[in-house]
Each structure stands twice: as structure tokens, then as C-alpha cells.
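**Q** Kindly return the folded structure for what I paste below:
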Amino acid sequence: MQGADRNEGGRRTLMLVDGHGLAYRAFHALPDTLATSAGEPTNAVFGFTAMLLEVLRAFQPDYAVVCFDSGRTFRHDVYAEYKAHRPEMADDLRQQMERIRQVLDALQIPILEKEGYEADDLIGSLAAFAHRGGLDVVIVTGDNDLLQLARDGVRIVLPGRQRFGEFRVFDRDAVIERYGFEPERIPEFKALVGDTSDNIPGVPGIGEKTATRLIQ
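**A** Purely as a prediction, here's the structure:
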């Protein structure tokens, strides 16, 4: 793909997509009545493809990679309760993941996954490597944790809260406006308040306001 929106330095753009994050978002955002005439569910496939095409049109990257989780990660070895409260992937979503991979194959977008690591890990590594190599980076994800990667030349795209086809774009300044501190301080914030989505406890008695004041 030829990127149409060049920056002043003429750098090319790499788009990194959180595959499972986008698939989960699509699955829960769209009705489960979406299906083929044979009854095969397609809400996740349709939503994933629609969002992917939308961001490709909007940012016109030169390169794109979709990263997927691989299951158990090194975090489970460090903390046995990591994501322990999360239910197994729904069967209707699980059977759509292969269709999503077929869509990516048809679009000739490569897939990257590595045993023991999450898509977030791969995206963070690729973003740093690409940025050092002179590329601009656009990260498409449903996970606020990746806002910590925002910097000059690295933007984060999050799906909209109300409508799946809408999305919000965060650069470094937008993250500071939202949190009140720099993106690289987000891990400290998460350590203080915890992360219920990943079943990670925070410091007892410290909420978001106190954590923000401490970091500031």
C-alpha cells in the first residue's frame, strides 16, 4: 500500500493491529444474529474487516501487520492469577478466528504471533524497532494499555465507545490531556490502581485520582 499522508520528513508508515483485540471488540459490538445462510456466525468477521478497512482507508499505511496472542504467556509464570477471572473464548468467536485469518490472507496482510507473548508485546517491540528505523507508526487496538507507546511519530487508534465504525486517535499530547501525565508513566499508574481487566491488584486505598496526584 502506498501511504498518501506523508509527514514533513517523507517517512513511510507502518500500521500494527491487535488482532484478537479487534476481533473481541467486533464480536461484542455487533449482534450475534449476523450469520451466513448456513448459520455460520459472522459478526466478528464482519466487524473486524469493516474496522480494518476503515483505518486502512483513513491512514493509508505503506505497511501493515496484524499481531495475535498465542495463549499462555510469561506473565502467567510471574503471576499465576493473571487473567484468571476471564472466561474462555466464546465458541461463536473461536470458530470465526480462522475466517479472520482468511480475510487477512486475501488482503495480503501478514500475521505475526510468537509463543509465550501477547500481541501487545509484539506490537510494542515492532513499534520501537520501526520508529528507530525511521518509520511512523499507527497502532490499532482496543486496549488502553498501549497508549503508553504514544510519542512523536507513534499514534494509537482506539475504536469508538458508542459506534464500532468510529475511532479515536491518540498522539502524545492527547494522552497527556486524558491522563494528566506522560504516556511512559502509564505503567506506574496501572501499578498503583491495578487493572481489573487483567486481574492485577493495585495498592490498597489508592484510586485513580490519588494515583494521578502521586505521579504528577
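
**Q** shouldn't E184 be in contact with Q148?
**A** Yes. Using CB atoms under 8 Å, E184 makes contact with Q148 at a distance of 6.2 Å. The way it works is simple: take the backbone N, C-alpha and C, and place the C-beta from them, glycine included.

**Q** what is I139 paired to in the beta sheet?
**A** With DSSP bridges as the criterion, I139 is bridged to L16, I156.

**Q** Hmm, R151 and it touching each other?
**A** No. The criterion here is CB under 8 Å, and I139 misses it with R151 at 11.1 Å.

**Q** re the thing from before, E184 and Q148: who's more crowded?
**A** Q148 (21 against 13; other CB atoms under 10 Å).

**Q** Surely that one and P183 touch.
**A** Yes. Look at Q148 against P183 with CB under 8 Å: they come within range, at 5.0 Å.

**Q** Give the rounded mean pLDDT of stretch 13-23.
**A** Averaged across stretch 13-23, the pLDDT comes to 96.

**Q** okay, that stretch in PDB with CA atoms only?
**A** Extracted C-alpha coordinates of stretch 13-23, given in PDB (Å, rounded to 0.1, in the frame of the first residue of the first chain):
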ATOM      1  CA  THR A  13       4.000   4.500   7.900                       C
ATOM      2  CA  LEU A  14       3.700   1.000   9.500                       C
ATOM      3  CA  MET A  15       0.300   0.000  10.800                       C
ATOM      4  CA  LEU A  16       0.200  -2.500  13.700                       C
ATOM      5  CA  VAL A  17      -3.100  -4.200  14.500                       C
ATOM      6  CA  ASP A  18      -4.000  -6.000  17.700                       C
ATOM      7  CA  GLY A  19      -5.900  -8.900  16.000                       C
ATOM      8  CA  HIS A  20      -7.500 -10.500  19.000                       C
ATOM      9  CA  GLY A  21      -8.400  -7.100  20.500                       C
ATOM     10  CA  LEU A  22     -10.200  -6.000  17.300                       C
ATOM     11  CA  ALA A  23     -11.900  -9.400  17.000                       C
END
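
**Q** No more questions from me, cheers.
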